[in-house]
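Visitor: turn this into a model:
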Amino acid sequence: MLKNITLSAEEELINKVRDKANKERTTLNALFREWLIQYANKDQKVFYYNKFMEMWGYADPGGFITREKINER
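Guide: Just a heads-up that it's a prediction; the model follows:
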C-alpha cells in the first residue's frame, strides 16, 4: 500500500529534478521511491560487499599494477 508524505525543498531544485526526470521518462515520485529503497538497503549492501571482499581477499595483487606491467610478456 502506498502512503503519501509531504517533503519540502527549494522550488528551483524541484524544477531541475522534475525536468531531469521528464528527460529520463520517469517521475519525481518514482525517483524518490527508488532512492528510499536504496537508502533502506544501504547497510545490507555494505555488509554483503564486505563479505564478498573477505571471500576474495586472497586475490590481492599486492599493490598498484600499471598497464605496462600487465602487458609484459
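
Visitor: drop to CA atoms for contacts and neighbour counts, all remaining ones
Guide: OK.

Visitor: can you show me the helices along this structure?
Guide: Applying DSSP state H to the chain gives helices spanning 11-23, 28-40, 42-55, 67-71.

Visitor: among the ones you listed, which comes closest to residue 4?
Guide: Ranking the helices of the chain by their distance to residue 4 (criterion: CA to CA) puts helix 28-40 first, at 10.2 Å.

Visitor: helices or strands next to the closest one in the packing?
Guide: Applying 3 or more CA pairs under 8 Å, 6 or more residues apart in numbering; DSSP states H and E, one finds that helix 28-40 contacts helix 11-23.

Visitor: give me the contact list for the helix it packs on.
Guide: 27, 28, 31 (CA atoms under 8 Å, 6 or more residues apart in numbering).

Visitor: per-residue confidence for the last one?
Guide: Predicted confidence (pLDDT) at residue 31: the value is 93.

Visitor: and it, how far from residue 67?
Guide: Going from residue 31 to residue 67 by CA to CA, to the nearest Å gives 39 Å.

Visitor: burial count for residue 2?
Guide: Residue 2 has 4 neighbours, counted by other CA atoms under 10 Å.

Visitor: a markdown table for the helices of the chain, including distance to residue 5 and mean neighbour count?
Guide: Formatted as a markdown table, the helices of the chain follow (distance: least, CA to CA, whole Å; neighbours: other CA atoms under 10 Å):
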| stretch | distance to residue 5 | mean neighbour count |
| --- | --- | --- |
| helix 11-23 | 16 | 13 |
| helix 28-40 | 11 | 12 |
| helix 42-55 | 22 | 11 |
| helix 67-71 | 51 | 8 |
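
Visitor: output the helix or strand bottoming out on mean pLDDT in the chain as PDB, nothing but the C-alphas.
Guide: The weakest-scoring helix or strand in the chain, judged by mean pLDDT, DSSP states H and E, is helix 42-55 (a mean of 81). Extracted in PDB, the C-alpha atoms of helix 42-55 (Å, rounded to 0.1, in the frame of the first residue of the first chain):
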ATOM      1  CA  LYS A  42      22.500   0.600   2.100                       C
ATOM      2  CA  ASP A  43      23.700  -1.200   5.300                       C
ATOM      3  CA  GLN A  44      22.800  -4.600   3.800                       C
ATOM      4  CA  LYS A  45      24.700  -3.800   0.600                       C
ATOM      5  CA  VAL A  46      27.800  -2.800   2.700                       C
ATOM      6  CA  PHE A  47      27.500  -6.000   4.700                       C
ATOM      7  CA  TYR A  48      27.400  -8.200   1.500                       C
ATOM      8  CA  TYR A  49      30.200  -6.200  -0.100                       C
ATOM      9  CA  ASN A  50      32.400  -6.700   2.900                       C
ATOM     10  CA  LYS A  51      31.600 -10.500   2.900                       C
ATOM     11  CA  PHE A  52      32.400 -10.700  -0.800                       C
ATOM     12  CA  MET A  53      35.700  -8.900  -0.200                       C
ATOM     13  CA  GLU A  54      36.600 -11.300   2.600                       C
ATOM     14  CA  MET A  55      35.800 -14.200   0.400                       C
END
